[in-house]
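Undergrad: here are the coordinates; sequence isn't available:
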């Protein structure tokens, strides 16, 4: 070696080192699966115990007593907001909540006053017209009476003096004049009846117009909404139907539309949303523990008050559905409880006695069946078909397939070790 050049000696040493490193790496890779396969899964002895089924849900606080504030019913289709109180403001009884612009009602008042003036003018015109017509009829009747008087005075009656023709003509003139008197009386009576009917229609129209004017006058006094009690203003979520509609001055609102709610901060309740898949055991009057997000160290107790009959998505574009659940709180702490505060709830859905409970991580699903692995010898495990009952996200009750005293693999064994165990068993 000493006779070889220096660079050749260095090359040979490098090759020897590379070969040694390769041998070590190859040996380690061959040894790794063997050592890993010898690692046993975590084991636990199966023992029946009591199990409490708990359902977790998120939500927020809301007032148990709230009063809806809506646009007043006035004789117009819409109003414009002039001033409105801010969201979340604390108000006292009698404080101004909303004030509306009276422009729409002023226009309505002008229209009704114009209709009233028109009805009064029609009534006056009718009175004048009927007066003139009655005067003419009375004049015609007076003339007919004078004519009848003259006819009776000079009526030809003596057959020796007047001819038969003259006597007949005189009698006809008398009868015609008498009929003129009867006709004049009939015209006076008929005109009186026609005028009475027309006047009744106009009086009814004037009465209706006066009623509408009264409605507008009362509506003008209701354009300022005052707080009926002490509370906190909570704006109503308009949802996607109104396209992000917000309550603010200058906005046009429709009659009867809900503006916001006036809530009582002294009586609060929890509104939470339970996943549809977790709501199978959800019932009324179940005990609930509530934790507020801003105060995680404080717990409040309550019970389920109501559950929606239909599951709905919280977000419009989300396929996930929830059952809205209202929880009544045993007590209200005004210092920490405010409307809209986010919270977490744990609903006690059931207490099971002396049941076998396993972690969900120990359960393996194959096709439509469920299996767990139990130890049947040193380093040997076999899958056991089980039937699952109630459970939560972490644990589940096994109703069939397991017995007390069996050793359960908390983490199912891998395929290689299972194959090795089976091969040893076959040998």
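TA: All right, it came through fine. All values reported here derive from a predicted model rather than from experimental measurement.
Undergrad: how about the residue located most distally from the centre of the chain, secondary structure?
TA: In the chain, the greatest distance from the average C-alpha position (CA atoms, centre = their mean) is reached by residue 160, at 107.3 Å. Using DSSP: H, G, I helix; E, B strand; the rest coil, the structure places residue 160 in coil.
Undergrad: for residue 167, see how far away it is.
TA: Distance, residue 160 to residue 167, using CB to CB, to the nearest Å: 11 Å. C-beta coordinates here come from the backbone N, C-alpha and C atoms, glycine included.
Undergrad: what do you get for residue 374?
TA: 144 Å.
Undergrad: in this structure, which helix is the longest?
TA: In the chain, with assignment by DSSP state H, the single longest helix is helix 164-221.
Undergrad: what is the end-to-end distance of stretch 73-80?
TA: Taking CA to CA, to the nearest Å, stretch 73-80 runs 14 Å from one end to the other.
Undergrad: check stretch 329-341 too.
TA: End-to-end span of stretch 329-341 (CA to CA): 14 Å.
Undergrad: what does that stretch rub up against?
TA: With CB atoms under 8 Å, 6 or more residues apart in numbering as the test, stretch 329-341 has contacts from 60-63, 232, 234, 263, 265-270, 290, 292-295, 298, 300-302.
Undergrad: PyMOL command to pick out the buried ones of these?
TA: A single PyMOL command selects the buried members of these (16 or more other CB atoms under 10 Å):
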select buried, resi 60+61+62+63+232+234+263+265+268+269+270+290+292+300+302
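Undergrad: please enumerate the strands of the stretch 201-350 of the chain.
TA: Using DSSP state E, counting those that start in this stretch, the strands of the stretch 201-350 of the chain run over residues 224-226, 231-235, 252-254, 258-263, 268-275, 287-292, 295-307, 312-313, 321-329, 342-359.
Undergrad: repeat for the stretch 51-200 of the chain
TA: So, for the stretch 51-200 of the chain - with DSSP E, counting those that start in this stretch - the strands run 66-70, 78-84, 90-91, 96-101.
Undergrad: gap between the shortest one and the chain center?
TA: In other words, strand 90-91. 24 Å (CA atoms, centre = their mean, to the nearest Å).
Undergrad: go on, the last one?
TA: Computed by CA atoms, centre = their mean, the separation of strand 96-101 from the middle of its chain amounts to 24 Å.
Undergrad: now it: average pLDDT?
TA: The average pLDDT within strand 96-101 is 93.
Undergrad: please apply the same query to stretch 174-190.
TA: Stretch 174-190 comes out at a mean pLDDT of 77.
Undergrad: what's next to that stretch, contact-wise?
TA: If you take CB under 8 Å, 6+ apart as the criterion, stretch 174-190 is touched by 134, 137, 138, 140, 141, 144, 145, 147, 148, 151, 152, 155.
Undergrad: count of neighbours near the third one?
TA: Taking other CB atoms under 10 Å as the criterion, the count of residues near residue 138 is 13.
Undergrad: quick one: it from residue 66, how far?
TA: In terms of CB to CB, residue 138 sits 73 Å off from residue 66.
Undergrad: tell me the pLDDT at the nearest residue to residue 120 once chain neighbours are set aside?
TA: In space, residue 120 comes closest to residue 206 once its chain neighbours are excluded; the distance is 6.6 Å by CB to CB, 6 or more residues apart in numbering. At residue 206, the model reports a pLDDT of 82.
Undergrad: wait, what's in contact with residue 206?
TA: Contacts for residue 206 were tallied using CB under 8 Å, 6+ apart; they are 116, 119, 120, 123.
Undergrad: among the residues you listed, which one lies nearest to residue 172?
TA: residue 123 (44.1 Å; CB to CB).
Undergrad: residues in contact with the closest one?
TA: Applying CB under 8 Å, 6+ apart, the residues near residue 123 are 199, 202, 203, 206.
Undergrad: at 6 Å instead, please
TA: residue 202 (CB atoms under 6 Å, 6 or more residues apart in numbering).
Undergrad: by neighbours, which of the contacts of residue 206 wins?
TA: residue 119 (20 neighbours).
Undergrad: name the nearest residue to that residue, sequence neighbours excluded.
TA: residue 206 (4.2 Å).
Undergrad: hmm, back to that, redo the strands of the stretch 51-200 of the chain as TSV? Include distance to residue 323.
TA: Shown next, in TSV, are the strands of the stretch 51-200 of the chain (distance: least, CB to CB, whole Å):
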stretch	distance to residue 323
strand 66-70	21
strand 78-84	34
strand 90-91	33
strand 96-101	34
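Undergrad: which of those sits closest to residue 220?
TA: Here strand 96-101 is closest among the strands of the stretch 51-200 of the chain (CB to CB), at 9.8 Å.
Undergrad: who does the closest one touch, helix- and strand-wise?
TA: Using 3 or more CB pairs under 6 Å, 6 or more residues apart in numbering; DSSP states H and E, the elements in contact with strand 96-101 are strand 78-84, strand 224-226.
Undergrad: and it, which strands flank it?
TA: Within its sheet, strand 96-101 is paired with strand 78-84 (antiparallel), strand 224-226 (antiparallel), according to DSSP bridges.
Undergrad: and that strand, which residues are buried?
TA: 97, 98, 99, 100, 101.
Undergrad: kind regards, and thank you for your time.
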